[in-house]
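Peer 1: Sequence plus the predicted model coming up.
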Amino acid sequence: MSYLREIMLRLKERAEAGRRSQAAAAEPLAAGSTGGKVPALSGAVEQHIASYRQHLNACSDAMLLYEWAWIDDHLSSLRLSLGLEPMRQALGGSTAVDLLLQETDAFRQALREVMQARDLEASNRTAPIEPMEHAWEVSHPVIRQAWGIEPAAEPHS
């Protein structure tokens, strides 16, 4: 049950961030590199996506593959919450979940573009993921090893 609670807390935090970002003026995102139109998102969400892209660009290939699995898991959790009233309400209702799905889809598109630029394809790898940690946040050594994520370099003094 604590696993589900962690997911719910993370989703709730993102929902609250999404609601705060609704207050910002809506600005359309640039069309994706595939030529598709991305729905208009708020300026705060655009900043999240820009930050996300920076993280992705700093990731190793192994980290990008982990992130793909992570975002798939996250999208599944969000979609599940749409069908379960208690989860949906814990996240702030249908509108908040829809906004989270929209933002996560934009994240996935950014990830897809970075992976395409590196000639990487998503795999059906079954290594464990930590639902509370993006690829650049993974701290558990077993998960890092399973995905081939190298330990962070020690800063030089």
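Peer 2: Sure thing, it's come through. Computed from a prediction, not measured in an experiment: that's the story for all the values here. Residues are numbered from 1 along each chain as shown.
Peer 1: hey, let's count contacts and neighbours off CA atoms from now on
Peer 2: Noted.
Peer 1: Confidence-wise, which helix or strand of the chain is lowest on average?
Peer 2: The weakest-scoring helix or strand in the chain, judged by mean pLDDT, DSSP states H and E, is strand 26-27 (a mean of 35).
Peer 1: Using the three-state scheme, assign the nearest residue to Val138 once chain neighbours are set aside.
Peer 2: In this structure, Val138 finds its nearest non-sequential neighbour in Arg144, 6.7 Å apart by C-alpha to C-alpha, 6 or more residues apart in numbering. Put simply, Arg144 is helix when judged by DSSP: H, G, I helix; E, B strand; the rest coil.
Peer 1: so where do the helices sit in this structure?
Peer 2: Here the chain has its helices, by DSSP state H, at 2-22, 43-58, 61-83, 85-90, 94-117, 141-147.
Peer 1: Quick one, which of the ones you listed gets closest to Arg125.
Peer 2: helix 61-83 (7.8 Å; C-alpha to C-alpha).
Peer 1: what's that closest one in contact with?
Peer 2: For helix 61-83, the surrounding residues in contact (C-alpha atoms under 8 Å, 6 or more residues apart in numbering) are 7, 11, 56, 87-88, 94, 97, 100-101, 104, 108, 111, 115, 118, 120, 122-125, 129-131, 134-136, 147-149.
Peer 1: quick one: that helix to helix 94-117, angle?
Peer 2: 160 degrees (axes from the mean of the first three to the mean of the last three C-alpha atoms, to 10 degrees).
Peer 1: Helix 61-83 versus helix 43-58: what angle between them?
Peer 2: 150 degrees.
Peer 1: Pull out the buried residues from helix 61-83.
Peer 2: By neighbour count with 16 or more other C-alpha atoms under 10 Å, helix 61-83 contains the buried residues 61-71, 74-75, 77-79, 81-82.
Peer 1: Averaged pLDDT, that helix. What do you get?
Peer 2: The average pLDDT within helix 61-83 is 92.
Peer 1: Next: stretch 136-155.
Peer 2: Per-residue scores along stretch 136-155 average to 83.
Peer 1: if I look at the closest residue in space to Leu120 that isn't next to it in sequence, how far off is Pro131?
Peer 2: Closest residue to Leu120 apart from its sequence neighbours, by C-alpha to C-alpha, 6+ apart: Asp61 at 7.6 Å. Distance of Asp61 to Pro131, given as C-alpha to C-alpha, to the nearest Å: 19 Å.
Peer 1: All set now, cheers.
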